[in-house]
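K.L.:
Sequence plus the predicted model coming up.
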Amino acid sequence: MQKALDNLTVFLEKIDHYRDELLFLFIKPYWPRKIIPNYVTAIRIVIGVALFVLLFFFGIENKALIVSLFVIGAISDFIDGPIARGTNKVTELGAMLDATADKMLIIPIAFYALFHMHKWLLLILILTEVINAIASIFYKSKEIYLESNIFGKIKMTMLSIVFIVILIIWPNPPALIFIDVIWLSLPFSFLSIFARILELKDKGYIKNKILIKEIINNK
């Protein structure tokens, strides 16, 4: 199981590497060095808060405004990592902000788009995000460098694309294929969590208590 997961991880990371290399063609020579990647990530946090306030406090449902804000947030998620790597400004703070910003961008739109017609899907989506957050907190408590893994990146890409389409056609109900894509994103969330667990186990933070007990009894 772990070997299959490792092979899948390597394959997907190669594809992600090609994405980085393509963006580096523009980032390395042209990106303003005064704009650090954390600023780009912070934009996503601000947009997530703005979407929440606009939708649920003021009831503003201007399609052009909501779609534009969400698209800008999704683009910031697509480029902040490559900017950090391309300008050699990868930091632990940036990695933590990135994970937080992703959740703050997706959750308001998930509630807005799914609450009335797809409550179970929304509940499972939120639960996976909560479990991911708990895993991230545990990661940090062990002083392990926190970085988004490839499965989390794929999940975020799938959700961003689908929610952009759903927002564009709103208030018409989304086609079943878009709901299916959200369901398909959930295994990537669980793979992301599972990959973190395996890494913690490899580092010795999670031990097989049954195996240890057997070793002690044999002695």
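P.N.:
Good, I have the coordinates.

K.L.:
where does residue 152 land on pLDDT?
P.N.:
Residue 152 carries a pLDDT score of 87 in this model.

K.L.:
same thing with residue 219?
P.N.:
Looking at residue 219, the pLDDT reads 46.

K.L.:
again with residue 13
P.N.:
Predicted confidence (pLDDT) for residue 13: 84.

K.L.:
likewise residue 200?
P.N.:
Here the pLDDT value assigned to residue 200 is 69.

K.L.:
Same check on the one 4 residues further on?
P.N.:
pLDDT for residue 204: 64.

K.L.:
Make sure residue 16 is actually in contact with residue 149.
P.N.:
No. With contact defined as C-beta atoms under 8 Å, residue 16 does not reach residue 149; the gap is 10.1 Å. Every residue, glycine included, has its C-beta placed from N, CA and C.

K.L.:
Residue 25 and residue 61: what is the separation?
P.N.:
Separation of residue 25 from residue 61 (C-beta to C-beta, to the nearest Å): 39 Å.

K.L.:
Please disregard the earlier target; I meant residue 198.
P.N.:
Computed with C-beta to C-beta, the distance linking residue 198 and residue 61 is 43 Å.

K.L.:
which regions of this structure sit below the pLDDT cut-off?
P.N.:
Residue ranges of the chain with pLDDT under 70: 1-2, 138-147, 200, 203-219.

K.L.:
Counting residues, which helix of the protein comes out longest?
P.N.:
helix 2-30 (DSSP state H).

K.L.:
Ramachandran angles for residue 87?
P.N.:
Phi and psi for residue 87, reported as degrees, to the nearest 10, are phi -110, psi 10.

K.L.:
Quantify the burial of it by counting its neighbouring residues.
P.N.:
17 (other C-beta atoms under 10 Å).

K.L.:
Pretty sure it sits against residue 30.
P.N.:
No. Using C-beta under 8 Å, residue 87 is not in contact with residue 30; the gap is 11.0 Å.

K.L.:
which parts of stretch 11-21 are buried?
P.N.:
residue 12 (16 or more other C-beta atoms under 10 Å).

K.L.:
can you give me how far it is from the chain middle?
P.N.:
Centroid separation for stretch 11-21 versus its chain: 16 Å, with C-alpha atoms, centre = their mean, to the nearest Å.

K.L.:
Please save the CA atoms from it in PDB.
P.N.:
Only the C-alpha atoms of stretch 11-21 are listed here, as PDB (Å, rounded to 0.1, in the frame of the first residue of the first chain):
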ATOM      1  CA  PHE A  11       4.200  10.600 -10.500                       C
ATOM      2  CA  LEU A  12       2.000  13.500  -9.400                       C
ATOM      3  CA  GLU A  13       4.900  15.500  -8.100                       C
ATOM      4  CA  LYS A  14       6.700  15.300 -11.500                       C
ATOM      5  CA  ILE A  15       3.600  16.900 -13.100                       C
ATOM      6  CA  ASP A  16       3.600  19.600 -10.400                       C
ATOM      7  CA  HIS A  17       7.300  20.100 -11.100                       C
ATOM      8  CA  TYR A  18       6.600  20.800 -14.700                       C
ATOM      9  CA  ARG A  19       4.000  23.400 -13.600                       C
ATOM     10  CA  ASP A  20       6.700  25.100 -11.500                       C
ATOM     11  CA  GLU A  21       9.200  25.100 -14.300                       C
END
